[in-house]
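Asker: okay, here's the prediction I keep looking at, along with the sequence it came from:
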Amino acid sequence: MKINIIKEILEKQDGGKLSQYLAALSAGIALFTAGIHLGWPAPSLRKITSAEYPFEVTSDEGSYIAIISCVGHVIGGNYSVDTSRYHREKMDDFINCVTSGGVGEGAILAILATYIAEMSIPEIRGTLGTFMTTICASGCLFINIIGSYLDIHTTALICFIFPILQWLIFINFPESPYYLIMKKKNEEAAASLRIFRRKNSVEKEIISITADVDRQMSESGTYKDLFTIASNRKAFLLAATARIFQQFTGCTAYTVYYQILIEQSTNLSPVMGSSVLLLVQIAMACLASAFIDKFGRKPLFVLSSGLCFLVLFTLGTFFLLRDYIGIDLSYIDWFPLPMMMLYIIVFSLGLGVALNIFVSEIYSTSIKAKAFSLGSIVFASSMMASTKFYQYTSDNFGMAVPFYTFSGCSLVGTFFFRFVLPETKGQTLEAIQQRLKGNSKKSCLLRQMASGDKKEMFDSNILYKLCLELKKYNIFLK
């Protein structure tokens, strides 16, 4: 049964953006559950590897418990290929997968990003995308606190509440208009768009979306197309490489081993220290929403990756001096905690927030499901490799090795983001595809003129450039 209060709010016609914010927030409850699952090892590994646990679990075995859910990412991402293409993208995937651990986590990450990108306007797409990081980090914080003080069984029962809550709320929201047009349900798409735009007059946008979807769906959308069509291949390689560089800053490894990391490197309370780090991550994700659509994705990636290099290199040097050279640093044993806080701040500036948005924007509609499927394999493999690498090297060679390695990866990533990755800020999904195909700004502007999209033509101070192009082609504005 739908909740009448939510339905009344969604049906208001005030031309605002509230419906888009509410849709992202309510869908994010599923991501909160995914955050719980992602953050579960932080408090639990200390328990199951301790002497008090009923049976012995070694550090090596614990690492496999922590990363085994990444296999579920692959299953969930591939499951979402069929369900997002042939079934109800919003309801079936979110509700059926949300309780399935790593499988649900993989499906949620793939589908939620797509849903947000397709139902939101370009001006706030980045802001809504930051909800993914904020809500996921909130789930990690929640499990970090209750999982530290309650037993594993009780914690699981409490966390089961959130999938039910997500179902009760999200059932009130419509499907993505892109998805409905793809399924030839134009009337339902128009109704969906009226809710998200909070106005009755959506005919022009429906025509524009229909043209975009028809062009993109003219491609067959097979796995072969993902590699034989240059723009699809370019999009996949960009997204996959960016994901690898993101994971090899060590972000997932630190999340999984927050409490053990703090316990091994400082004299502070593992629960308190890890909770502080997660609070900083949530605060930075909220702050990033204020400027992600202002400064763009690419500058934030470059800044974030470059600063990650400096912070991780500094931490690696600290552990080198303490563990290898044998310098007494007990008087600054608190040093790793503020440095990890600084890492979270600079990571969240770009890599932790904007990358999810970039990945949701970069793919053509026809190939998006297949790309997310293969992308989930790259994502999960990177998570497993970086987390296992952290555990193995820190246990056998000392903590300087993983931190120096991750700092080196961050440095290489900085050059990748600076010289290879394109900017997607403020562009429609169709405009991004045209740029990937190598079409010039001139072609994009003329396409926008033909479709009557004059507002976007005059955005971003392009009036002067437009006039020059019009002069060349003897075209005059009427």
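Answerer: Everything's here; your move.
Asker: drop to CA atoms for contacts and neighbour counts, all remaining ones
Answerer: Will do.
Asker: report the central residue of the chain.
Answerer: The residue lying closest to the centre of the chain (C-alpha atoms, centre = their mean) is residue 356, at 2.8 Å.
Asker: ok, now which ones touch that residue?
Answerer: Taking C-alpha atoms under 8 Å, 6 or more residues apart in numbering, we find residue 356 in contact with 113, 129, 132.
Asker: taking the residues you listed, please make a ChimeraX selection of just the buried ones.
Answerer: Selecting only the buried entries of the contacts of residue 356 in ChimeraX, with 16 or more other C-alpha atoms under 10 Å as the criterion:
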select :113,129,132
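Asker: need the three-state assignment for the residue nearest to the centre of the chain.
Answerer: helix (DSSP: H, G, I helix; E, B strand; the rest coil).
Asker: please renumber the chain so that the first residue is 13 from this point on.
Answerer: Let's use 13 as the start, then, which means that last one is residue 368.
Asker: tell me which helix or strand residue 137 sits in.
Answerer: Using DSSP states H and E, residue 137 sits in helix 134-161.
Asker: so how far is the following helix or strand past that helix off the chain centroid?
Answerer: Toward the C-terminus, helix 134-161 is succeeded by helix 164-171 as the next helix or strand (DSSP H and E). Its chain's C-alpha centre and that of helix 164-171 lie 26 Å apart, by C-alpha atoms, centre = their mean, to the nearest Å.
Asker: now stretch 378-396
Answerer: 12 Å.
Asker: out of the contacts of residue 368, the closest to residue 380 would be?
Answerer: Nearest to residue 380 out of the contacts of residue 368 is residue 125 (C-alpha to C-alpha; 11.0 Å).
Asker: ok, and the closest non-adjacent residue to that closest one?
Answerer: residue 372 (5.3 Å; C-alpha to C-alpha, 6 or more residues apart in numbering).
Asker: next secondary structure after whichever strand or helix holds that neighbour?
Answerer: Element membership for residue 372 (DSSP H and E) is helix 366-373. Next helix or strand after helix 366-373 toward the C-terminus (DSSP H and E): helix 380-409.
Asker: measure residue 135 to residue 303 for me?
Answerer: Using C-alpha to C-alpha, to the nearest Å, one gets 12 Å for the distance from residue 135 to residue 303.
Asker: same question, residue 345
Answerer: Applying C-alpha to C-alpha, the value for residue 345 to residue 303 is 35 Å.
Asker: same question, residue 358
Answerer: Noted for residue 358: a distance of 14 Å to residue 303, by C-alpha to C-alpha.
Asker: which one of these two has more residues nearby?
Answerer: Ranked by neighbour count (other C-alpha atoms under 10 Å), residue 358 and residue 303 place residue 358 first, with 24 against 15.
Asker: show me the shaky parts of the protein.
Answerer: 13-16, 81-119, 121-122, 228-232, 452-490 (pLDDT under 70).
Asker: that one - how does it break down into domains?
Answerer: 16-185+231-432, 453-485 (automatic domain parsing).
Asker: show me the contacts for the residue nearest to residue 400 when sequence neighbours are not counted.
Answerer: Distances taken as C-alpha to C-alpha, 6+ apart put residue 75 closest to residue 400, at 6.4 Å, once the chain neighbours are dropped. Going by C-alpha under 8 Å, 6+ apart, residue 75 touches 399-400, 403.
Asker: and the gap between residue 75 and residue 406?
Answerer: 12 Å.
Asker: on that earlier part again, now the helix holding residue 137 against helix 164-171, angle please.
Answerer: Helix 134-161 runs at 150 degrees relative to helix 164-171, counting by axes from the mean of the first three to the mean of the last three C-alpha atoms, to 10 degrees.
Asker: can you list the buried residues in helix 134-161?
Answerer: Neighbour count says helix 134-161 has 134, 136-160 buried, by 16+ other C-alpha under 10 Å.
Asker: likewise for stretch 197-205?
Answerer: Neighbour-count burial for stretch 197-205, counted by 16+ other C-alpha under 10 Å, picks out 198, 200-205.
Asker: can you list contacts of that stretch?
Answerer: With contacts defined as C-alpha under 8 Å, 6+ apart, stretch 197-205 is touched by 131, 186-190, 192-193, 214-215, 218.
Asker: again, but for stretch 141-154
Answerer: Residues from elsewhere that reach stretch 141-154 (C-alpha under 8 Å, 6+ apart): 36-37, 40-41, 43-52, 125, 128-129, 287, 290-291, 293-295, 297-298, 300-301, 364-366, 368-369.
Asker: just give me how far it sits from the chain centre.
Answerer: 10 Å.
Asker: follow-up on the earlier one: compute the inter-axis angle for the helix holding residue 137 and helix 366-373.
Answerer: Angle, helix 134-161 to helix 366-373, by the same axes, to 10 degrees: 130 degrees.
Asker: quick check, residue 56 in contact with residue 161.
Answerer: No. Assessed by C-alpha atoms under 8 Å, residue 56 is found out of contact with residue 161, at 10.3 Å.
Asker: picking up where we left off before, next, give phi and psi for the residue nearest to residue 400.
Answerer: phi -60, psi -40 (degrees, to the nearest 10).
Asker: sticking with residue 179, tell me its helix or strand.
Answerer: helix 173-182.
Asker: buried sites along that helix?
Answerer: 174-175, 178-179, 181-182.
Asker: do the same with stretch 264-278
Answerer: Buried, per 16+ other C-alpha under 10 Å, within stretch 264-278: 264-275, 278.
Asker: what do you get for stretch 48-63?
Answerer: Those would be 48-61, for stretch 48-63 by 16+ other C-alpha under 10 Å.
Asker: looking at these, which is nearest residue 246?
Answerer: Closest approach between the buried residues of stretch 48-63 and residue 246, by C-alpha to C-alpha: residue 50, at 29.6 Å.
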